[in-house]
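Undergrad: need a structure here:
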Amino acid sequence: MFSGFPFCCCATNTATKKDEELVQSRALNPPAEQYEEPSPVSDRYSPQVAELQAEGGSPSTGVRHEATAAGAATGGVEETGLGEKERIQRTVKEVAKEAVSGISMEVVDHEKCTREDVTFVVDKRLKTFTIKDAPNSPDPKGPVTLEFTQLSEIVRGPQVFHRYPLLSEIEHEGFFIILVMKEGAPNSRGSPLILFTPSKELAQKVYLFLKIIKLSGDARARSSAV
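TA: Here you go, the predicted structure:
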């Protein structure tokens, strides 16, 4: 179990604006030096989008599926290459702005199925995320901060319940996202962070955001190790 909190989260979107220009710049314009070769998939997200597409297999799955679903909630841009890139950029910008200010969530212990209100926050440079006690929490635990580079895997869909069958016993109407941390990650103690949102559209947006930021962090780590 993570230090302080049992980690499974239910999310609602209650963030306000904060340092938007810095966040958008970081989300949409990662440092060019971290990549050796550009990809034709996207001139801004090239390595991250290409890797996410590779995970999805065919062009109709993976990042295309996520971007299309996320775009449907914001006006439905054409499903062309350019429209897809615009949806990805817009989604990451939206979620980044909201998460920097804080998104209200609910933490659920996947073993005990107990719940606790918290706030999910990312730093302005999009390097870390923090789980904080919700305002007026009756049992404050203190903040827990983790780096995106400490993420080993992001899981959603049916695999969530295959890994943690007890989650199916929780009364809920929504969607889970499991953040699996690398072995030895500080504060994780080997436990996953499981996010939940009642909105399918928000779940898709958050998943895409987390995937892109994780891949960007992985690329920076590889670059610095060379």
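
Undergrad: quick one: buried residues of the top helix by length along the chain?
TA: In the chain, ranked by residue count with DSSP state H as the criterion, the top helix is helix 200-225. Buried residues in helix 200-225, counting neighbours by 16 or more other CB atoms under 10 Å, are found at 202-220. (Glycine included, C-beta is placed from N, CA and C.)

Undergrad: which other helices and strands contact that helix?
TA: Counting by 3 or more CB pairs under 8 Å, 6 or more residues apart in numbering; DSSP states H and E, the packing neighbours recorded for helix 200-225 are helix 46-56, helix 63-72, helix 81-101, strand 151-156, strand 175-181, strand 193-197.

Undergrad: mean confidence (pLDDT) on it, please.
TA: In this model, helix 200-225 carries a mean pLDDT of 85.

Undergrad: which residues of this protein score low on pLDDT?
TA: Along the chain, the parts satisfying pLDDT under 70 run over 1-82, 171, 187-190.

Undergrad: change it to 90
TA: Where the chain drops to pLDDT under 90, the residues are 1-91, 103-120, 126-127, 131, 133-144, 146-150, 156-179, 181-206, 214-226.

Undergrad: doesn't Val95 make contact with Phe209?
TA: Yes - contact criterion CB atoms under 8 Å: Phe209 and Val95 qualify, at 3.9 Å.

Undergrad: give the contact list for Phe129.
TA: Contact criterion CB atoms under 8 Å, 6 or more residues apart in numbering gives Ala99, Phe120, Val121, Val122, Asp123, Thr145, Leu146, Phe148 as the residues in contact with Phe129.

Undergrad: which of those residues fall in strands?
TA: Residues of the contacts of Phe129 located in strands (DSSP state E): Phe120, Val121, Val122, Thr145, Leu146.

Undergrad: who wins on neighbours among those?
TA: Within the ones in strands among the contacts of Phe129, Val122 tops the neighbour count with 25 neighbours, counted by other CB atoms under 10 Å.

Undergrad: tally of neighbours for the nearest residue to that one once chain neighbours are set aside?
TA: What sits nearest to Val122 in space, not counting adjacent residues and going by CB to CB, 6 or more residues apart in numbering, is Ala99, at 4.3 Å. Counted with other CB under 10 Å, residues neighbouring Ala99 total 25.

Undergrad: residues contacting Ala99?
TA: For Ala99, the contacting residues are Ala15, Phe120, Val121, Val122, Phe129, Phe209, by CB under 8 Å, 6+ apart.

Undergrad: which of the residues you listed sits closest to Glu173?
TA: Using CB to CB, Phe120 comes nearest to Glu173 of these, at 19.7 Å.

Undergrad: in contact with the closest one, which residues?
TA: Contacts for Phe120 (CB under 8 Å, 6+ apart) come out as Cys9, Ala11, Ala99, Gly102, Ile103, Ser104, Met105, Phe129, Thr130, Ile131, Leu195.

Undergrad: from Leu202, how far out is the third one?
TA: Taking CB to CB, to the nearest Å as the measure, Ala99 falls 12 Å from Leu202.

Undergrad: same thing with the fifth one?
TA: When CB to CB is applied, the distance between Ile103 and Leu202 equals 9 Å.
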